[in-house]
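S.K.: here is a sequence with its predicted model. Questions after.
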Amino acid sequence: MRSRKLALATGLAYHVLEWGEANAHDTTFVLVHGFLDVAHGWRAVAERLAARAHVIAPDLRGHGDSDWIGAGGYYHYMDYVADLDDVIARLARRRVIAVGHSMGGGVVAYWAATRAERPHAIALLEGLGPPDQRDADLPARTARWIDAWRDSPRRTPRVMAALDDAAARLRRHDPLLGEALARELAAAGTREVAGGLAWKHDPLHVTEGPYPFRRDHAARFWRAITCPVLVVDGERSMLNLPDAERAARRAELRRCTHVVLPGAGHMMQRHRPIELAELLLTLAG
């Protein structure tokens, strides 16, 4: 595993993990994490993929060791898509297989529609979006966004006394996460601050953005994807949409294969990394 920093055209420096840099494979797997996660969470999957491909995993802006946005900026969804496009343009080889988990799945899907000629295939790991929010009270949501931005906890991050506390917090939110991996992820995902440790992600992420998710808008992107799409759900996930809604969203994809991963929850790359990697390798041919 190699760690590198990449200056993007969008103005930020991205932290990227890379496996198989020296191999001769012409396929690059691009692994895109979800909300408040880090690239390091892909390690076990990436190590398996690297036997047959080049692999990169970026920390999205404001996550992990990538730059936070500057004063006056905010994390709008399409910013991630622009960043991903530049990462792929700079680092990926001829055949690109983009894999996105949860929020990262949405980023990958939007990118695959925007650059329809580029991906060989994509995989969306519980990555077809949150519940539809088209009926949101937009003036009220905008007011909450402004107020939360003004009162952002960025200046006073939540502090945890020790690594054990961070690992325990990860396990409370993910009961299938083992103790050893929890400590590994806690070490990768925290930074030292006065009094202990804080998560590396910008606290501005936890404020509610001004633009609600609309399924009809997302569907225009899903329908524009021309490459094969592997959709993977975790058998034991507690964070997925109802079955009928998931099926309706998959129906918007032209070339979709759906798999349920046994024994895995929402964070399937943590729970069944070897089995997940074997599924992803089927996309490489």
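M.R.: Received the coordinates, thanks.
S.K.: C-alpha from now on. contacts and neighbour counts both.
M.R.: Fine.
S.K.: now do the helices in the stretch 1-150 of the chain.
M.R.: 43-49, 77-91, 103-114, 138-150 (DSSP state H, counting those that start in this stretch).
S.K.: least confident of those, on average?
M.R.: Per-stretch mean pLDDT for those is lowest at helix 138-150 (a mean of 94).
S.K.: nearest to Asp164, out of the helices of the stretch 1-150 of the chain?
M.R.: Closest to Asp164 of the helices of the stretch 1-150 of the chain, according to CA to CA: helix 43-49, at 20.6 Å.
S.K.: tell me how far the closest one lies from the chain's centre.
M.R.: 16 Å (CA atoms, centre = their mean, to the nearest Å).
S.K.: one more: stretch 117-135?
M.R.: 11 Å.
S.K.: now do the buried residues in it.
M.R.: Buried positions in stretch 117-135, judged by neighbour count with 16 or more other CA atoms under 10 Å: 118-130.
S.K.: pick out whichever of those sits closest to Ala251.
M.R.: Closest to Ala251, out of all of those and judged by CA to CA, is Leu128, at 11.4 Å.
S.K.: spit out the contact partners of the residue nearest to that closest one when sequence neighbours are not counted.
M.R.: Excluding its sequence neighbours, the residue lying closest to Leu128 (CA to CA, 6 or more residues apart in numbering) is Gly106, at 6.1 Å. By CA atoms under 8 Å, 6 or more residues apart in numbering, the contact set of Gly106 is Gly100, Leu124, Gly127, Leu128, Gly129.
S.K.: over to Asp202?
M.R.: Counted by CA under 8 Å, 6+ apart, Asp202 has contacts Gly62, His63, Trp68, Arg154.
S.K.: and the protein, what are its domains?
M.R.: 2-130+213-281, 138-210 (automatic domain parsing).
S.K.: how long is the longest one end to end?
M.R.: Start and end residues of domain 2-130+213-281 are separated by 21 Å (CA to CA, to the nearest Å).
S.K.: so how far is that domain off the chain centroid?
M.R.: With CA atoms, centre = their mean, you get 6 Å for domain 2-130+213-281.
S.K.: what's the answer for the last one, then?
M.R.: In terms of CA atoms, centre = their mean, the centre of domain 138-210 is set 16 Å apart from its chain centre.
S.K.: list the buried residues of the helix or strand of the chain with the lowest mean pLDDT.
M.R.: Between all helices and strands in the chain, the lowest mean by mean pLDDT, DSSP states H and E belongs to helix 138-150, at a mean of 94. Neighbour counts over helix 138-150 (16+ other CA under 10 Å) mark Arg141, Thr142, Arg144, Trp145, Ala148, Trp149 as buried.
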